[in-house]
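Participant: here is a sequence with its predicted model. Questions after.
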Amino acid sequence: MTIQEIYLLALKMGMEADPRGKKGVEAYLKRQNKDYDQLTPKKREHFDTETLTNPYSDTRILFGDPKKNVKKVLAGIDSNGAEVLLVDRLNQKGAGIDLLIGHHPAGHALASLHEVMDILVDIYSANGVDENVAYSLLQETMGLVKRKFGPINHSQAVDAARLLDVPLLALHTVWDNIGDNFMKNHILGREYGSLGDVLDAICEIPEFKEAIKGKNGPSIVSGSEKGRTGKIMVSFTGGTNPSKELYKALAEAGVGTLVEMHIPEESLQELKKEHINAIDVGHMAADSIGANLFLDELEKRGVAVVPASGLIRVKRTKTKKN
Ligand SMILES: [Fe+2]
Ligand SMILES: [Fe+2]
């Protein structure tokens, strides 16, 4: 596969798993195109035209010739300077890695992380929060996220990749959408007697079994094992966590249990006050799920995968090669 083919496969899988549904993603892209059409020619010069067809600002080819053929990738949760150096070092030893794929975005994919948070409006409104409230609260958070990541040195990894000629691909929301979809299918639609039963169901998943061995498994962070669940909500995508006010709105929306990748401390305090149960499944294992389902597809197409940087590799398909 070429880098471009890998990127396009990621976009396709990400959109298929998007919590907004196909129609929601199309509506989002339509809005982007409308915005672009209304811009003056001068403003168009600065417009990122990739956003007209790619709804994920944190999913991009950050360095490398899209036409380059890829036989082996190193895939990790992070792709910082260290991972770029790791690829270069491994290649010195003859590893033959053609592409570095990272989940947490670097470069402009990180600087624009707030742009993918539109997904959260739909996730929260699907769980009963009024969409006008979710939208309004998220506008504030998007501003905060933009200002938080704005001053960071975004281009370090991309500069290292350029100097060492290591092609670099960021796949953030795409993998999170795939993981979100998998978790919803696994968790929702079952009957649970208690919160402990939900935790047990999560711990059946191999990535979490592995994380438990590393003392970093899922845990109940609000509520107790014997507690009743109420309505369960799974949230694994949307860039980053929303504000504590939006978590608070979940109580009014009738959500009883929240299953999340990671929950900031101040939001957790808010959830406890509202008597909403919360299960923090553990960040790296959670991020590994979407990664693995995508990487299985690469292996099926003959691309070898070297897991690194916190990725707990679990294969769900049997491949001829590897
Ligand atoms: Fe993630
Ligand atoms: Fe993450």
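Facilitator: Great, that's in hand. This is a predicted model, so every value here is computed, not measured. Numbers count the residues shown, from 1 in each chain. Ligands and ions are numbered 1, 2, ... in the order given.

Participant: lowest confidence element among the helices and strands of the chain?
Facilitator: Using mean pLDDT, DSSP states H and E, the weakest-scoring helix or strand in the chain turns out to be helix 107-111, at a mean of 77.

Participant: right, and the helix or strand after it?
Facilitator: As assigned by DSSP states H and E, the chain's next helix or strand after helix 107-111 is helix 118-126.

Participant: for the helix or strand just after that next one, what is the distance to the chain centroid?
Facilitator: Next in sequence after helix 118-126, counting helices and strands by DSSP H and E, comes helix 131-149. Chain-centre distance of helix 131-149: 18 Å, with Cα atoms, centre = their mean, to the nearest Å.

Participant: other residues contacting the helix or strand that helix 131-149 is followed by?
Facilitator: Using DSSP H and E, the helix or strand that directly follows helix 131-149 along the chain is helix 156-164. Helix 156-164 is contacted from outside by 62-64, 79-81, 83-85, 87-88, 100, 102, 106-107, 166-168, using Cβ atoms under 8 Å, 6 or more residues apart in numbering. For glycine as for every other residue, the C-beta is placed from the backbone atoms N, C-alpha and C.

Participant: just the buried members of those residues?
Facilitator: Buried by 16 or more other Cβ atoms under 10 Å: 62-64, 79-80, 83-84, 87-88, 100, 102, 106-107, 166-168, out of the contacts of helix 156-164.

Participant: report the lowest-confidence entry in these.
Facilitator: Of all those, residue 107 carries the smallest pLDDT score, 75.

Participant: do I have it right that that residue meets residue 172?
Facilitator: No. Residue 107 is beyond contact range of residue 172, at 11.6 Å (criterion: Cβ atoms under 8 Å).

Participant: separation between the closest residue in space to residue 104 that isn't next to it in sequence and ligand 1?
Facilitator: Nearest non-adjacent residue to residue 104, counting by Cβ to Cβ, 6 or more residues apart in numbering: residue 78, 5.1 Å away. Residue 78 is 11 Å from ligand 1, where distance means Cβ to the ion, to the nearest Å.

Participant: burial count for residue 78?
Facilitator: Other residues lying near residue 78 total 18 when counted by other Cβ atoms under 10 Å.

Participant: which residues sit against the strand or helix carrying residue 14?
Facilitator: Using DSSP H and E, residue 14 sits within helix 3-16. With contact meaning Cβ under 8 Å, 6+ apart, helix 3-16 is reached by 1, 22, 25, 54-56, 59-61, 64-68, 70, 73, 99, 101, 167, 169, 171, 173-175, 177-178, 293-294, 297-298, 301, 303.

Participant: just the ones of the residues you listed in helices?
Facilitator: Those of those mapping onto helices are 22, 25, 173-175, 177-178, 293-294, 297-298, per DSSP state H.

Participant: which one among those residues gets closest to ligand 1?
Facilitator: residue 175 (6.2 Å; Cβ to the ion).

Participant: tell me who's in contact with the closest one.
Facilitator: Residue 175 touches 10, 14, 103, 287, 290-291, 294, counting by Cβ under 8 Å, 6+ apart.

Participant: of those, which ones also sit close to ligand 1?
Facilitator: residue 287 (Cβ under 5 Å from the ion).

Participant: and of the contacts of residue 175, the nearest to ligand 1?
Facilitator: The nearest one, if we look at the contacts of residue 175 relative to ligand 1 and count by Cβ to the ion, is residue 287, at 4.1 Å.

Participant: and the pLDDT for that closest one?
Facilitator: For residue 287, the predicted pLDDT is 97.

Participant: how close does it get to residue 183?
Facilitator: 12 Å (Cβ to Cβ, to the nearest Å).

Participant: what about the two, which has more around it?
Facilitator: Set residue 287 next to residue 183 and count neighbours by other Cβ under 10 Å: residue 287 wins out with 26 against 22.

Participant: state the distance from that one to residue 294.
Facilitator: 11 Å.
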